[in-house]
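In: No sequence on hand, only this structure:
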């Protein structure tokens with residue numbers, strides 16, 4: 001519904017709830033991200049009114065793959081504390097873009113989108129950013145891609161931005177899962193159960209968001225969730241700075 005792969009929820013859950021160290025939680029949540037994104041994209045393709053835009057995807061996917069490779073290399077060099085700080089900043093910026101970006105009164109037909117070279121390059125930059133944060137933060141990149149597309153290509157509308165974000169995440173997260181599995185960072189039992197649930201949940205989410213009036217509510221919900229998770233991460237950062245008794 002929100003255009004994010006679910007890692008936004010899974011990473012904090014695995015870290016705070018299950019006690020996994022942050023780097024392992026990030027890697028494990030990518031399994032859920034891939035399952036969600038892949039299931040949502042297939043469901044979108046078979047929907048009566050699919051919101052996917054092929055012109056946007058042709059710019060998004062190649063740049064997203066390059067970003068995913070760069071993000072994985074960067075994740076090897078970033079400490080857990082810095083990772084939390086990056087998470088907080090990215091979430092708050094994305095929340096601002098989602099809640100206050102210009103909103104079209106009528107959702108356009110994303111499939112009919114015609115991108116100029118300049119618009120295509122902006123979409124490619126958004127794709128690179130989405131791919132970069134996938135292995136770095138354990139998310140599908142949707143928290144950057146959805147607001148980024150709404151800002152740079154408002155003609156897509158929320159439904160189109162959400163659908164393209166999911167399609168990109170299915171590619172970048174698969175690449176990220178493969179890279180993380182080589183390093184033994186993924187908790188396979190937890191990742192398997194998360195992925196199974198995500199396959200079912202994504203189908204229900206796509207069906208729901210296409211109902212009249214639901215897209216606007218999903219957009220507001222995404223912004224609120226971004227802020228709440230950012231505040232939770234910020235609180236953890238503040239606590240970690242306090243001297244030990």
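Out: Received the coordinates, thanks. Predicted model, so just to flag it, every value in this text is computed and none were measured.
In: Please spell out which residues along the biggest helix by length in the chain are buried.
Out: In the chain, assigned by DSSP state H, the helix with the most residues is helix 214-241. Along helix 214-241, these residues count as buried under the neighbour rule (16 or more other CB atoms under 10 Å): 215, 218-219, 222-223, 225-227, 229-230, 233-234, 236. (Each C-beta comes from the backbone N, C-alpha and C, glycine too.)
In: Please tabulate those residues in CSV and include pLDDT as additional columns.
Out: Shown next, in CSV, are the buried residues of helix 214-241 (pLDDT from 0 to 100):
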residue, pLDDT
215, 70
218, 76
219, 75
222, 75
223, 81
225, 77
226, 78
227, 86
229, 75
230, 83
233, 77
234, 85
236, 76
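In: helix or strand for residue 11, which one?
Out: When elements are defined using DSSP states H and E, residue 11 is found to belong to helix 7-12.
In: which outside residues touch that helix?
Out: Contact with helix 7-12 is made by 22, 25-26, 28-30, 32-33, 91, 134, 137-140, 142-143, 173, 194, 225-226, 229, 232-233, as judged by CB atoms under 8 Å, 6 or more residues apart in numbering.
In: Run through the neighbouring helices and strands of the helix or strand that it is followed by.
Out: Where DSSP H and E defines the elements, the next helix or strand beyond helix 7-12 is helix 22-45. Counting contacts by 3 or more CB pairs under 8 Å, 6 or more residues apart in numbering; DSSP states H and E, helix 22-45 is packed against helix 7-12, helix 80-100, helix 117-137, helix 157-182, helix 188-209.
In: Please compute how far helix 22-45 lies from its chain's middle.
Out: 9 Å (CA atoms, centre = their mean, to the nearest Å).
In: any idea of the angle that helix forms with helix 157-182?
Out: When axes from the mean of the first three to the mean of the last three CA atoms, to 10 degrees is applied, the directions of helix 22-45 and helix 157-182 differ by 130 degrees.
In: Quick check: buried residues in helix 22-45?
Out: Residues of helix 22-45 classed as buried under the neighbour-count rule (16+ other CB under 10 Å) are 22-44.
In: And the residue positioned nearest the centre of the chain, how far from residue 170?
Out: Central residue of the chain (CA atoms, centre = their mean): residue 142, 2.7 Å from the mean position. Going from residue 142 to residue 170 by CB to CB, to the nearest Å gives 11 Å.
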